[in-house]
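> Got a predicted structure here, sequence first:
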Amino acid sequence: MVNAAVVGLGRWGQVLVNAARGSGKIRFVAGCTRTPAKAEAFAAEHGFRLLADYAAVLADPEVEAVVLATPHTQHADQVKAAAAAGKHVFCDKPFTLTRDSAAEAIAACRKAGVEIAVGHNRRFLPGYADLGRLVAGGDLGTVLQVEGAVTGSGAFSYAPEGWRASPTESPAGGMTALGIHMVDALIGLLGPVAAVTALSWRRAIPIPIDDTTAMLLRFASGAAGTLVTSPATAQSWRIQVYGTKGTAEMRGETQLVVTPVGGKPEIRDYPPTNKERAELESFADLVAGRGTFPVTDADAINGVSVLEQVERSARAAAWLDVP
């Protein structure tokens, strides 16, 4: 059992704590947040101590690992501080906002001998795992291109004074809340992204972040990709892979449709998955030496690099290489 502390007890921090309730692999024994009074009842309900600040969390001998559900700009420094304190780290996406800071944070963990995992929960969907096996096993032939779309309505509820409403915390609009998940999913299927060009602007929402973002991706493998994301519409999740032997499409998180060339579509349905619990338990297994985490160091750095270059490309109206 890994004893963890949750850092940040806003909506998503509470989602993660709730997901781990009753787990036999990870439990929350402590936490901290910017406004402790708002989290006292939640902490009491879940039976963990609410500490004064992050420094107190890192100094607590009972805490073996930290789970970061904090503003994006804080992640890099928080990860490095945890590494220096000898604490393992689960960091919710986006890992950081620049490639250099991501590489530095991971290097700090590796030097300190602590584990680091980035919370891309769609990696734990059974349908996504099946799609990965189809791609890796050659069932779809040579993959030519892929389409990804992930949207939601979160921007309508962002408070103007809230950190998610800041362009600094949410570059390229829906990319940090939503699109980065799809970037990671595509990297997990097709390998690293080598170049990107993007469009991103604000059309409808009152807060000063983009709500319309689209991009083209070139993978190192030679495949092409498109991705659209928005935090200002109905919720959707879709991936379609096009190969020389057929296509495979994830329609939401619980259905995969596989269509061979010249054949009929096969619809595969999956039960709903507690993907947050699955990612936290996978992290716990990693800490305990019982397994690996599906998002590799290289995947995490490449995903952040794509995020950084999408923002730059959208402002420069140019193709940019992904380091």
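Now that the structure is in, tell me what you want to look at. Numbering: from 1, shown residues only.

> Residue 143 versus the residue of the chain most remote from its centre, what's the distance?
Summary for the chain: using C-alpha atoms, centre = their mean, the residue whose C-alpha lies farthest from the chain's mean C-alpha position is residue 262, with a distance of 36.0 Å. In this structure, residue 262 and residue 143 are separated by 18 Å, where distance is defined by C-beta to C-beta, to the nearest Å. Any C-beta I mention is one placed from the backbone N, CA and C, and that applies to glycine too.

> can you give me the strands in the stretch 151-300 of the chain?
193-201, 212-219, 224-230, 236-243, 246-251, 255-260, 266-269 (DSSP state E, counting those that start in this stretch).

> could you redo those strands as TSV and give each row mean neighbour count?
As requested, the strands of the stretch 151-300 of the chain are arranged in TSV below (neighbours: other C-beta atoms under 10 Å):
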stretch	mean neighbour count
strand 193-201	20
strand 212-219	21
strand 224-230	22
strand 236-243	20
strand 246-251	20
strand 255-260	17
strand 266-269	12
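
> out of those strands, which comes closest to residue 284?
For the strands of the stretch 151-300 of the chain, the distance to residue 284 is smallest for strand 236-243, at 25.8 Å, taking C-beta to C-beta.

> what's that closest one in contact with?
Where contact means C-beta atoms under 8 Å, 6 or more residues apart in numbering, the residues beyond strand 236-243 that reach it are 122, 128, 131, 134-135, 140-152, 182, 185-186, 189, 247-253.

> got the angle for it vs strand 246-251?
170 degrees (axes from the mean of the first three to the mean of the last three C-alpha atoms, to 10 degrees).

> For the residue farthest from the centre of the chain, give its distance to residue 130.
The span separating residue 262 from residue 130 equals 21 Å under the rule C-beta to C-beta.

> I'd like to know which of the strands of the stretch 151-300 of the chain lies nearest to residue 313.
Nearest of these to residue 313, taken as C-beta to C-beta: strand 193-201 at 4.4 Å.

> list the helices and strands the closest one packs on?
Secondary structure elements in contact with strand 193-201, counted by 3 or more C-beta pairs under 8 Å, 6 or more residues apart in numbering; DSSP states H and E, are helix 179-190, strand 212-219, helix 297-316, strand 320-321.

> Recalculate using a threshold of 10 Å.
helix 179-190, strand 212-219, strand 224-230, helix 297-316, strand 320-321 (3 or more C-beta pairs under 10 Å, 6 or more residues apart in numbering; DSSP states H and E).

> Kindly export that strand (C-alpha atoms) in PDB.
Output for strand 193-201, consisting of C-alpha atoms alone and laid out as PDB, is shown next (Å, rounded to 0.1, in the frame of the first residue of the first chain):
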ATOM      1  CA  VAL A 193       5.200  13.500 -33.200                       C
ATOM      2  CA  ALA A 194       7.900  15.200 -35.300                       C
ATOM      3  CA  ALA A 195       6.200  18.300 -36.500                       C
ATOM      4  CA  VAL A 196       2.900  20.300 -36.000                       C
ATOM      5  CA  THR A 197       1.000  23.200 -37.500                       C
ATOM      6  CA  ALA A 198      -2.000  24.700 -35.700                       C
ATOM      7  CA  LEU A 199      -4.900  27.200 -35.600                       C
ATOM      8  CA  SER A 200      -6.300  28.500 -32.400                       C
ATOM      9  CA  TRP A 201      -8.500  31.400 -31.400                       C
END
